[in-house]
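K.L.:
Sequence first, then the predicted structure:
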Amino acid sequence: MSKERLEEIKAQYHLLKRNDYDLGAWDEPFSWLIEQAERVQELEDIIYQDERQAVLEGLYEQNKRYREILEEVRQNLIGHYGLGGERDTYVRWSKELIDKGLEESE
């Protein structure tokens with residue numbers, strides 16, 4: 001049930017109560033059903049928040065791996081470039097390292 005629909009039902013229920021409409025034996029069960037619908041809505045909201053949190057945590061971990069890979073590439077290039085190694089070798093090594101990191105993150 002959508003939040004909007006729940007609000008419509010609650011409004012209609014409260015309108016009946018305000019106008020002293022006698023719901024008779026239906027008053028208590030109807031009130032209980034509204035409470036249950038509200039609890040379901042709260043649980044759905046919690047589940048949605050948990051799902052979003054899991055996505056954010058996954059993205060955080062992926063970003064962390066990318067940063068670690070880039071830092072390793074940077075350190076390797078700085079270290080080897082200063083030693084006079086061939087640039088092509090380090091570029092290939094860097095590409096392989098990045099490719100490996102990207103494969104692991106999938």
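P.N.:
All right, it came through fine.

K.L.:
quick one, what contacts Y48?
P.N.:
With C-beta atoms under 8 Å, 6 or more residues apart in numbering as the criterion, no residue contacts Y48. Any C-beta I mention is one placed from the backbone N, CA and C, and that applies to glycine too.

K.L.:
who does the helix or strand of the chain with the lowest mean pLDDT touch, helix- and strand-wise?
P.N.:
Within the chain, no helix or strand scores below helix 87-105, which has a mean of 74 by mean pLDDT, DSSP states H and E. Counting contacts by 3 or more C-beta pairs under 8 Å, 6 or more residues apart in numbering; DSSP states H and E, helix 87-105 is packed against helix 27-83.

K.L.:
chain center to the helix it packs on: distance?
P.N.:
4 Å (C-alpha atoms, centre = their mean, to the nearest Å).

K.L.:
again with stretch 13-20
P.N.:
Relative to its parent chain, stretch 13-20 has a centroid offset of 40 Å by C-alpha atoms, centre = their mean.

K.L.:
What residues of that stretch count as buried?
P.N.:
For stretch 13-20, burial by neighbour count (16 or more other C-beta atoms under 10 Å) applies to Y13.

K.L.:
For that stretch, what does the pLDDT average out to?
P.N.:
Stretch 13-20 comes out with an average pLDDT of 76.

K.L.:
Kindly report the same for stretch 68-83.
P.N.:
According to the model, stretch 68-83 has a mean pLDDT of 70.

K.L.:
again, but for stretch 48-55
P.N.:
Rounded mean pLDDT across stretch 48-55 is 92.

K.L.:
May I have it as CSV, with CA atoms only?
P.N.:
In CSV, the C-alpha atoms belonging to stretch 48-55 read as follows (Å, rounded to 0.1, in the frame of the first residue of the first chain):
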residue,chain,number,x,y,z
TYR,A,48,14.5,0.7,1.7
GLN,A,49,17.1,2.5,3.9
ASP,A,50,19.0,-0.7,4.4
GLU,A,51,19.1,-1.4,0.7
ARG,A,52,20.4,2.2,0.0
GLN,A,53,23.0,1.8,2.8
ALA,A,54,24.2,-1.5,1.3
VAL,A,55,24.6,0.2,-2.1
